[in-house]
Structures are given as structure tokens and as C-alpha cells.
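Asks: sequence plus predicted model, see below.
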Amino acid sequence: MKERFRVPGEWERHEACWLAFPHLAEEWPFGLLPAQRSIAELCRAIAGPGGEPVRLLVRSPEVERQARALIGDADGIEYVSAAYGDCWLRDTAPLLGYDGRGALCGLRFALNGWGGKYQMPFDDAVGDWLLGHLGARGARSPLFLEGGAIESNGAGTFLTTASCVLNDNRNPGLTRQAFEDALGELVEVSRVVWLERGLEHDHTDGHVDMIARFASANTVLCMQPTEDVPNAGVMREIASVLHDEGFSVLPLPAPPAVFDREGAPLPASYCNFYVANDAVIVPTYGVPEDEAALEVIGQAFDDREAVGLSARDLLCGGGVFHCVTQPQPTPP
């Protein structure tokens with residue numbers, strides 16, 4: 001068996017956070033500039049003052065110029081030239097951790113454009129580039145999947161969804177046991193907790209980082225709906241499974257229906273936050289529930305400041321803050 005490595009919990013310290021600046025106009029139906037502004041604001045929130053170093057991928061000198069203009073004079077941000085698809089590094093970059101000797105490692109799944117829906121050049125190459133750039137050992141899974149489809153508690157327990165992992169558009173015929181065995185060959189796994197499905201209108205087929213997130217090894221945040229919010233049945237089902245699996249469940253409010261500029265429903269979620277070294281960056285939607293979500297997440301991570309940032313423009317492209325960030329953990 002190959003030497004396995006540990007995927008940390010996101011609340012553990014980070015050496016840096018990797019992001020990528022949006023540059024594919026065709027991926028942003030309501031304009032590239034709003035998405036770029038969102039990433040610029042996110043970079044500033046993570047980096048400072050005195051926060052977590054940001055390493056921002058830029059596709060070309062022109063893209064770097066655009067990024068610098070929007071981010072402004074901010075400390076702690078390094079611009080790194082690389083080829084990549086767009087900004088979804090949670091899904092396309094390796095999940096990073098360390099083996100027992102303290103060597104940096106990265107888990108890479110095979111990629112097929114989120115089940116063949118969104119094929120972008122260099123999505124399947126940026127992971128190899130990052131491993132080489134960091135001098136990290138690559139652990140390669142033959143399964144088609146994205147990083148946002150699994151959530152680690154840092155102690156060998158993973159959350160995932162059957163609707164994504166077992167979907168015929170990624171891994172036809174795959175069983176739960178086969179996935180658990182394949183994952184356990186590469187990273188330290190004690191158990192995998194399966195949730196059946198994610199949010200409606202989520203074009204990832206139900207990534208777990210939109211519906212349930214660890215706040216500690218045995219504590220999970222998930223949304224608790226009122227009767228009139230979208231996905232109420234899914235949210236209740238998720239909380240029930242997590243309770244039955246023995247987790248302490250912290251209920252987040254659920255946002256009301258959120259729509260794009262043409263009136264199409266969006267999979268709005270407060271679960272897609274990013275846990276930086278000194279802050280938790282929380283997606284907000286300009287609704288009353290935002291304040292309560294910030295309070296709950298701030299209490300869950302009481303050693304960090306809960307910072308709310310508007311997420312609507314990024315969500316129109318398919319995801320928010322967890323989807324676009326990839327932490328590089330601090331060496332043990």
C-alpha cells in the first residue's frame with residue numbers, strides 16, 4: 001500500500017491560501033468584472049492586515065494588471081503566473097496535507113469538467129503545475145471528482161454526497177465501498193459519512209461544501225430551514241443523518257430564495273465559508289438571515305473574526321468562497 005497522508009481540518013494553520021483570478025468572460029454570464037471584484041475583495045479579506053498570505057494565480061500579464069488594479073495596495077498577496085481554467089481552485093487544485101515524515105503531499109482526482117458540463121482549458125493541468133511548484137508528492141486517484149465534493153475533519157473522517165461521487169456522469173457503477181477503499185489507499189481515512197444529495201440548482205451535482213462543514217473534529221455546521229426556504233427537505237435530511245452519525249450539529253439559518261439577474265434560482269448557502277488563520281470569510285446575500293449566520297459561524301470559530309462578504313456575483317458562476325480557495329497547510 002502507498003504511504004498515505006493526512007488531509008487537515010480547514011481550521012488548522014495555513015502557510016498560505018491559493019486563489020486564481022477569473023479571466024474567462026464566457027464563464028460569467030452577468031459580466032467578468034463583478035466576479036473579479038469579488039475575488040479581489042476576498043483576497044484582501046484573507047490577507048490582511050496581518051492575516052493569511054495569499055498566492056493568487058494570474059493567467060497573463062494583462063490579467064495580473066487587472067488583478068492588481070482591483071486589489072489595490074494590499075500586503076500579503078503574491079501574484080503567481082500560471083495556466084488555469086478559471087477561479088475554482090478548490091475543485092481543480094490538489095487537496096494538500098502532510099505525510100508522517102512531514103513532507104507536503106497533494107490529493108489529485110481525475111477531472112472531467114464537473115461531469116462534462118463545464119470544460120475549461122488547463123483545469124486538468126493546474127493541479128500538476130501546483131504540485132511541481134511546491135515540490136509536493138502527488139497522490140493520484142483514478143476517480144473523477146472535485147475537491148469540493150469531500151470535507152475532512154482532520155482526524156480521518158470525511159463527509160461526501162452520493163449524488164456527486166456516485167453520479168454516472170463521473171463514476172458510472174462506482175459503489176460506496178469502492179470509493180472508500182480508493183480514498184483510503186491515498187489518505188488517512190477512518191470513516192466516510194454519506195449524505196444522499198446536495199442543493200437543487202447546484203450544477204456540481206451536490207458538492208458537500210455547500211451543505212455541511214466541520215467546525216471541529218466532531219462538530220458540523222449545516223443549515224436549518226424554515227418552511228418556506230428552498231431545499232428545506234434536503235437540509236432536514238442532512239441534519240438527521242449527521243445527528244445519527246454522532247456529530248454535534250450546529251444549525252445555521254438558511255437563506256431565502258436567491259435569484260440571478262434573470263430570475264433563475266441560485267443554490268445560496270452559508271456553508272461555503274472559508275476558514276482563514278485569523279478570520280472566517282462568510283458568504284452573504286443581502287438578506288436578514290446574513291446577520292444570524294455570521295453570529296453562529298463566529299461562535300463556532302470563536303478564535304477568529306467572522307467576516308461577511310457579498311457572494312451573489314460569484315454564486316452566479318456556480319460557487320462562492322470555499323469553492324475558490326485552496327489552503328496550503330503549515331508544516332507539522
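Replies: Cool, got the structure.

Asks: number of nearby residues for the closest residue to residue 111 other than its chain neighbours?
Replies: Closest residue in space to residue 111, ignoring its immediate chain neighbours: residue 124 at 4.8 Å, by Cβ to Cβ, 6 or more residues apart in numbering. Just so you know, the C-beta spots here come from the backbone N, C-alpha and C atoms, and that holds for glycine as well. By the measure other Cβ atoms under 10 Å, the count of residues near residue 124 is 16.

Asks: where's residue 124 relative to residue 91, distance?
Replies: 11 Å (Cβ to Cβ, to the nearest Å).

Asks: now do residue 168
Replies: Taking Cβ to Cβ, one finds residue 168 at 19 Å from residue 91.

Asks: and the two? Which one has more around it.
Replies: More neighbours surround residue 91 than the other of residue 168 and residue 91, with 25 against 9 (other Cβ under 10 Å).

Asks: spit out the contact partners of the more buried one.
Replies: Listed by Cβ atoms under 8 Å, 6 or more residues apart in numbering, the contact set of residue 91 reads 111, 114, 146-149, 204, 323.

Asks: secondary structure and pLDDT added to those residues, as JSON lines?
Replies: Compiled in JSON lines, the contacts of residue 91 are given as follows (DSSP: H, G, I helix; E, B strand; the rest coil; pLDDT from 0 to 100):
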{"residue": "111", "secondary structure": "coil", "pLDDT": "97"}
{"residue": "114", "secondary structure": "helix", "pLDDT": "96"}
{"residue": "146", "secondary structure": "coil", "pLDDT": "98"}
{"residue": "147", "secondary structure": "helix", "pLDDT": "98"}
{"residue": "148", "secondary structure": "helix", "pLDDT": "98"}
{"residue": "149", "secondary structure": "helix", "pLDDT": "98"}
{"residue": "204", "secondary structure": "coil", "pLDDT": "96"}
{"residue": "323", "secondary structure": "helix", "pLDDT": "98"}
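
Asks: which of these lies closest to residue 58?
Replies: Each of these was scored against residue 58 by Cβ to Cβ, and residue 323 proved nearest at 18.7 Å.

Asks: what about residue 116, neighbour count?
Replies: Residue 116 is flanked by 10 other residues according to other Cβ under 10 Å.
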